[in-house]
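# quick check, what structure comes out for this input:
(2 chains)
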Amino acid sequence: MTPSSPDAAFDKWLKKPGKWLEGTGPYAEIAVSSRIRLARNLHQRTFPMKANQEAGQEVLRLMKEAALKVPSLKGALTFEMNQLNALDRRFLIERHLISHDLSEQKRFGSAVIIDPAEHISLMVNEEDHFRLQIIFSGLDLGRAWKEAAALDHAFSEVLMFAFSPNWGHLTSCPTNAGTGLRASVMLHLPALVFQRKAEKMLQRASQLGLVVRGLYGEGSEVKSVFFQISNQVSLGKSEEEIIENVVKLTRQLSEYEHQAREWLMTHQRMKIEDSVWRAYGTLSHARTLTSSEATDLLSTARLGVELGLIPKLSMGVLNELLVMAQPAHIQKRLGKEMDEAVRDQARAEYFRDRLKRGSATG
Amino acid sequence: MSDMLCDACQKNPAQIHYSEMINGKFSEFHLCESCAKDKGMTLVPFASHFSAGDLLSSLVEIPFGLQASEGQSEPSEACPCGMTLKAFKQTGFLGCPECYKTFKKPLEAVLRQIHGSAEHVGVTPAKVAKGGLTKAERIKRLKKDLTKAIELEHFEEAAALRDKLKGLETE
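Here you go, the predicted model:
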């Protein structure tokens, strides 16, 4: 059933988060998600940053037209940024379907084309004329690349890309030139962080020409930490080589994390158990939860699920809660704008209810 | 850790700690919740499929060492789209695909610096492989662009287009 309007699409997505969140992919207990992003520009056309309104609209028109000729985008919806209000744009960001940059509407004709299953997202007039993104759950770069390559090929038959035989795809920022490929994996490495080994591991990784980025919050005893591994170089290597490098490193880090978790379960089991169950307890009974509190607690609970310590909580539900906990999601779900205090209560209520309902997804 | 101030606003306590390792160089930033949000970082962990330029360029200068161009004289020439080398160095962004031709020399150096290579070995797009636009198509397109440029009084651009057109027509 194809939704017929943005609101209808949002409603549908609210009820069922995208497939990539189900948490069932390979290495899912350490690799959260894999993403392939391809940056492309149209031949002889000014890049979005310098393009005027007419040029921007023309690129959008061409992209929409081209998308109609691509079979795997059948039923896809186009959302133009200037036709969405702030809350809706925020919703799309929270869903990882657009970047913060696109939502700021810095360029004319900025839009996103999304397939109903939410795993293909095509941003138009962001930094480049278009950026194709495919996300899968777990460590699944190979599959994501296969799909991305097929999509890219379909577009390349219909559109003429800005491309030079020497330098490959001509992107608005030279950091993306060549293949225009950014392959990244999101990893959860709490045990390595706990053992203070993460930094050394990541240093070694970066010497392999990969970028490692980490984001973590403060406050919980067990630091739950997420890292993104991605390639830095996009020119001078083939797509397969780039992806293979990221996969190799991800497998290595996963192995180290596995070993570290085993050590923790042997020597610190009670500490971990107590920590993750306290997190679960708060999540299922608190009366108010701030955004950062929820994230922190969910991160801790995540380790519990990954270690099999919280049988009644599944990864799918956990991921769902992570998405639904976000500010725009809370407001869209209840159909109204709310200030922070009210949101915090609504969040806590949603969590209590969802966790009571148990591990069935959806 | 908890008494650390936000790197960006220097006012609020830092709650979000971001670390990065690129080419053996480790950098760490500490932000408060609102500055992090401004910079496009949400607290939801897997929102962090960052784009390379995004976070970095908002916190530090453009990281790819364009400052030292080894005595290259700064040509004041501009690409037909209006982009200058100076503007590129300030923002890190080019204006159009033609910029890659206009600033060929400095860009070759930049590409080598960033990627360690300036030779594409990946996939070639289908239409490009099939020879792209025919000459007739290219002439038609140039004529259209020329008319538009004259209309908009972009005379420099128009002159460049007219030269290209002449070149193609006499081929």
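
# immediately after the least confident helix or strand in chain B by mean pLDDT, which helix or strand?
Ranked by mean pLDDT, DSSP states H and E, the weakest helix or strand in chain B is helix B:52-59, scoring a mean of 38. Next helix or strand after helix B:52-59 toward the C-terminus (DSSP states H and E): helix B:85-91.

# in that next one, what's buried?
Buried residues in helix B:85-91, counting neighbours by 16 or more other C-beta atoms under 10 Å in any protein chain shown, are found at B:Leu85, B:Phe88, B:Lys89, B:Thr91. (Glycine included, C-beta is placed from N, CA and C.)

# ok, those residues vs A:Ala341, which is closest?
Of all the buried residues of helix B:85-91, the one with the least separation from A:Ala341 (C-beta to C-beta) is B:Thr91, at 40.0 Å.

# got the confidence number for the residue in the stretch 251-362 of chain A positioned nearest to chain B?
Closest residue of the stretch 251-362 of chain A to chain B, C-beta to the nearest C-beta: A:Thr295 (4.7 Å). Note for A:Thr295: predicted pLDDT of 85.

# tell me if I'm right that it and A:Ala325 touch.
Yes. If you go by C-beta atoms under 8 Å, A:Thr295 and A:Ala325 touch, sitting 7.0 Å apart.

# of these two, who's got more company?
A:Ala325 (26 against 21; other C-beta atoms under 10 Å in any protein chain shown).

# check which helix or strand covers the residue of the stretch 251-362 of chain A closest to chain B.
Secondary structure (DSSP H and E) places A:Thr295 in helix A:291-306.

# and the helix or strand just after that helix with helix A:291-306, angle?
Sequence-wise, the next helix or strand downstream of helix A:291-306 (DSSP H and E) is helix A:315-324. For helix A:315-324 against helix A:291-306, the angle by axes from the mean of the first three to the mean of the last three C-alpha atoms, to 10 degrees is 170 degrees.

# packing partners for the helix or strand following helix A:315-324?
The first helix or strand that comes after helix A:315-324 along the chain, using DSSP H and E, is helix A:327-334. The elements that helix A:327-334 packs onto, with contact taken as 3 or more C-beta pairs under 8 Å, 6 or more residues apart in numbering or on different chains; DSSP states H and E, are helix A:6-15, helix A:86-94, helix A:315-324, helix A:340-357.

# in CSV: these, plus mean neighbour count.
Output for those, formatted as CSV (neighbours: other C-beta atoms under 10 Å in any protein chain shown):
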stretch, mean neighbour count
helix A:6-15, 15
helix A:86-94, 20
helix A:315-324, 21
helix A:340-357, 16
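
# the residue of chain A positioned farthest from its centre: what's it in contact with?
Most distant residue from the mean C-alpha position of chain A: A:His267, 33.7 Å away (C-alpha atoms, centre = their mean). With contacts defined as C-beta atoms under 8 Å, 6 or more residues apart in numbering or on different chains, A:His267 is in contact with no residue.

# how near is the residue of the stretch 251-362 of chain A closest to chain B to B:Glu137?
Distance of A:Thr295 to B:Glu137, computed by C-beta to C-beta, to the nearest Å: 53 Å.

# where in the stretch 251-362 of chain A is pLDDT low?
Scanning the stretch 251-362 of chain A for pLDDT under 70 picks out A:359-362.
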